[in-house]
Structure formats: C-alpha cells, structure tokens
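Colleague: Got a predicted model here, sequence first, then my questions.
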Amino acid sequence: MIDSMTAGEIANDWALACCETLERRDIEGHMNLISRRVKVYGLANLDVVDYHFWRQQVQEQFAAGLVTSLRYYLNAVKVDSDTQLRLTAIEYLTDKDGNEHESPLLITLSKEADGFWRATEEKILTKDEAQTAGLSRLH
C-alpha cells in the first residue's frame, strides 16, 4: 500500500493541484509538483526538457496569461513501487483565446525524500502510443 492513499488518489490529488496552481498562476506551488530531476520527452524539436526549461516556460506563460485553465482525464494508474507510479492521461490546456489543446501523456510520479509526490518524467505520446494506452479524444 502506498501510505494510506491509493495510487488513484495520489494521481488525482497531483492532477488537481496542477490545475489549481495554474489557475491561480502560483508559480512556486505549480513547480513544487515537478521534480527538479524531471525529464520531459516527446516535444517537437526538443530531445529532452528539464526542470529549468519547464520553469522558464511556466513563468512566461503565467506572466503573459497565455494559459487560462488546465484539466486532466486520468485513464490508468500503475504502481511501480511504494515510491513510484505511472499514469496515462489526457491533458487539456485552454489558452487565453479559449482554444483547447489536448495532449496524451504518460506521467511518472515519484515520492521524493521530503514525502511529496512530484512528476519525475513525462512523455507526450504519439497518436499510435495514445491509442495503445487506451487514450482517445473525449470531446
């Protein structure tokens, strides 16, 4: 058992906190959900994104009000160990013009030394990978 919470509760709490901190434009709170060891794969023209690049992007987006809301559809959660779980999800970002952007993701959450669960890896899935993972367009 992962503490007294289920893997689904951990994933849901993390996703909800991501949404809430984005909507408040709380950079520190938002980035506290991301590990300083994070690696992001699958972005066009970038091999790997690290914490510092992610933080810079978030600061720019929050300052300019480019993103107004975030929500997740959590599809499946798999427990790897007492300190790591993986989830597949569709992330929906709404931009300042009201356009919704959809990204299928594979996210690894790890319980770090301070007891907090943070994203340590994120992969933006291709269309084929998303279909294999059971993710499909929901609207």
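Modeller: Alright, I've got the coordinates. Numbering: from 1, shown residues only.
Colleague: Which strand runs longest in the chain?
Modeller: strand 67-81 (DSSP state E).
Colleague: buried set for it?
Modeller: The neighbour-count check on strand 67-81 (16 or more other CB atoms under 10 Å) flags V67, L70, R71, Y72, Y73, N75, V77 as buried. The C-beta positions use only the backbone N, C-alpha and C, and glycine is treated the same way.
Colleague: what's the spacing between the fifth one and V40?
Modeller: To tie it back to what came earlier, the one meant is Y73. According to CB to CB, to the nearest Å, Y73 and V40 sit 19 Å apart.
Colleague: distance between the ends of stretch 58-76?
Modeller: Stretch 58-76 has its terminal residues 26 Å apart, counting by CA to CA, to the nearest Å.
Colleague: what stretches of the chain score poorly on pLDDT?
Modeller: Where the chain drops to pLDDT under 70, the residues are 1-4, 137-139.
Colleague: Helices along that one, start to end?
Modeller: For the chain, the helices defined by DSSP state H occupy 7-23, 27-31, 51-64, 127-132.
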